[in-house]
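Trainee: Sequence first, predicted model second:
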Amino acid sequence: MYITVLDLSHYEIQAIEDGYRYRCPCGELCNTVAAAFSCRKCRYYSIFGGEYVTDIATGEVFGTMPTLMERESRVTDHTAQMAADQAAWKREMAENEAIEKLLVWDDMAAQYDSIDWNTTSRYITR
Ligand SMILES: [Zn+2]
């Protein structure tokens, strides 16, 4: 693979000049292959973090870059997992909200029960 200066943005050319030529799957540019493999941003921004690194100056790939079909399949799986996680989170939040409402009612009932109505009745004006 041949990469010409025309294929790179001004930012990428500047990064290469500064020694940051290794791109991790999330797009961060690092100064070593090892740093790009262990990119911490990939944990949040890519499902392929730690699998491959690309030298933007030469196009050389370190590690194993997933094929287009593998990418699509894993993105689909990841999207389905995210939807399932979000649904589970919403169910849990609804349960917590219901429990909180019950606790508020329990607290109000306990306060009501603690009132000595014989002494309190004198404050009732009608
Ligand atoms: Zn990254």
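Mentor: Perfect, I can see it now.

Trainee: mind checking which helix or strand the residue nearest the centre of the chain is in?
Mentor: The chain has residue 44 as the residue nearest its centroid, 4.8 Å off, counting by Cα atoms, centre = their mean. Element membership for residue 44, per DSSP states H and E: helix 42-45.

Trainee: Tell me which helix or strand comes right after the one helix or strand residue 94 maps to.
Mentor: Assigned by DSSP H and E, residue 94 belongs to helix 68-114. Later in the chain than helix 68-114, the nearest helix or strand by DSSP H and E is helix 117-120.

Trainee: Now that following helix: buried residues?
Mentor: Counting neighbours by 16 or more other Cβ atoms under 10 Å, one finds that helix 117-120 has no buried residues. Heads up, the C-betas are built off the backbone N, CA and C, glycines and all.

Trainee: tell me the SS of residue 47?
Mentor: Three-state call for residue 47 (DSSP: H, G, I helix; E, B strand; the rest coil): coil.

Trainee: That one reaches residue 75, doesn't it?
Mentor: Yes: contact criterion Cβ atoms under 8 Å: residue 47 and residue 75 qualify, at 7.1 Å.

Trainee: how close does residue 46 sit to residue 4?
Mentor: From residue 46 across to residue 4, the span is 26 Å (Cβ to Cβ, to the nearest Å).
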